[in-house]
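A.B. asks: what follows is a predicted structure for the sequence shown.
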Amino acid sequence: MQILLIRHGESEADLLNVHEGRADFELTERGHRQAAAMANYVGSHYSLTRLYASPLKRAAQTAGHLSEKTGLPILFEPDLMEHNNGQLAGLSREEADRRYPEIKGLPVELSVYGQESDADFRSRAVKALNRILAESEPDSVVAVVTHGGMINQLYGALFQIPLLQRSVFCTADTGIHVWELSCRGCRVLQANLHEHIQGI
């Protein structure tokens with residue numbers, strides 16, 4: 001099977017330069033254009049059999065373009081939501097740094113400021129990935145529209161990357177990661193594919 005991990009398009013929070021996380025911002029006009037271009041690319045190159053998405057607006061709206069292009073219904077999966085950043089959600093970066101300074105060396109199972117711990121974030125990714133795999137056939141081609149942080153956690157879940165390693169898999173607006181999973185193992189066919197938004 002193949003899994004396409006797709007980040008949402010540009011959101012209003014990107015323009016405001018605020019912490020997003022669980023703050024539920026919508027796509028910008030540019031974000032909608034990016035999502036439409038992504039949908040055209042995916043629809044032209046892949047025969048999707050299932051479409052999952054985070055229910056947060058920026059991901060749901062991005063998935064909406066892909067649903068319209070492919071005719072697939074969107075299966076909303078709450079476990080695909082971005083990191084719960086608690087009291088930082090929606091704050092400017094300057095205000096967040098002043099009110100809620102970063103605490104270095106915090107154990108992965110602990111959290112502060114009403115946030116989700118790194119361990120709980122990874123656990124959600126594992127649950128979401130296991131559910132998608134359980135609901136898919138060996139020849140499935142599945143799209144998962146989610147968030148940058150969750151994409152990192154899904155990589156960690158699939159490849160069993162220790163949380164303390166702090167690996168980062170960068171993803172542009174509507175960037176696409178393509179995984180192939182078979183009885184022989186897992187491999188990444190594409191990482192952060194985003195040529196479809198050049199010039200947008």
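C.D. replies: Nice, I can see it.

A.B. asks: ok, the residue nearest to Glu20 when sequence neighbours are not counted - contacts?
C.D. replies: Distances taken as C-beta to C-beta, 6 or more residues apart in numbering place Ala13 nearest to Glu20, at 4.1 Å, with adjacent residues excluded. Where you see a C-beta, it was placed from the backbone N, CA and C, and this is true even at glycine. For Ala13, the contact set (C-beta atoms under 8 Å, 6 or more residues apart in numbering) comprises 19-20, 23, 25, 58, 90.

A.B. asks: who wins for neighbours among these?
C.D. replies: Neighbour counts for the contacts of Ala13 (other C-beta atoms under 10 Å) peak at Arg58, which has 29 neighbours.

A.B. asks: quick check on that one: phi, psi?
C.D. replies: phi -60, psi -30 (degrees, to the nearest 10).

A.B. asks: quick one: it and Glu26 touch, right?
C.D. replies: Yes - using C-beta atoms under 8 Å, Arg58 is in contact with Glu26, at 6.5 Å.

A.B. asks: can you work out which residues contact both of those two?
C.D. replies: The contact sets of Arg58 and Glu26 overlap at Ser11 (C-beta under 8 Å, 6+ apart).

A.B. asks: if we can go back for a sec, just the ones of the contacts of Ala13 in helices?
C.D. replies: Arg58 (DSSP state H).

A.B. asks: check the offset of stretch 73-87 from the chain's centre.
C.D. replies: 9 Å (C-alpha atoms, centre = their mean, to the nearest Å).

A.B. asks: where does the residue nearest to Glu20 sit: helix, strand or coil?
C.D. replies: Of the three states, Ala13 takes helix under DSSP: H, G, I helix; E, B strand; the rest coil.

A.B. asks: and the helices in this structure, which stretches?
C.D. replies: Here the chain has its helices, by DSSP H, at 12-16, 29-45, 57-70, 93-99, 118-134, 148-159.

A.B. asks: mind putting those in a markdown table, mean pLDDT and distance to Ser182 included?
C.D. replies: Output for the helices of the chain, formatted as a markdown table (pLDDT from 0 to 100; distance: least, C-beta to C-beta, whole Å):
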| stretch | mean pLDDT | distance to Ser182 |
| --- | --- | --- |
| helix 12-16 | 94 | 36 |
| helix 29-45 | 98 | 20 |
| helix 57-70 | 98 | 23 |
| helix 93-99 | 94 | 42 |
| helix 118-134 | 98 | 12 |
| helix 148-159 | 97 | 13 |
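
A.B. asks: go through these and name the closest to Glu82.
C.D. replies: Ranking those by their distance to Glu82 (criterion: C-beta to C-beta) puts helix 148-159 first, at 5.3 Å.

A.B. asks: list of residues touching that closest one?
C.D. replies: Helix 148-159 is contacted by residues 5, 7, 21, 54, 80-83, 121-122, 124-126, 128-129, 144, 146, 161, 163, 167-171, 177, 179, 186 when judged by C-beta under 8 Å, 6+ apart.

A.B. asks: now swap in stretch 65-73 and tell me
C.D. replies: 6, 32, 35-36, 38-40, 42-43, 48-51, 74, 143, 145.

A.B. asks: same thing with stretch 193-200?
C.D. replies: 30, 33-34, 37-38, 40-41, 172-178.

A.B. asks: nice, that's everything, thank you.
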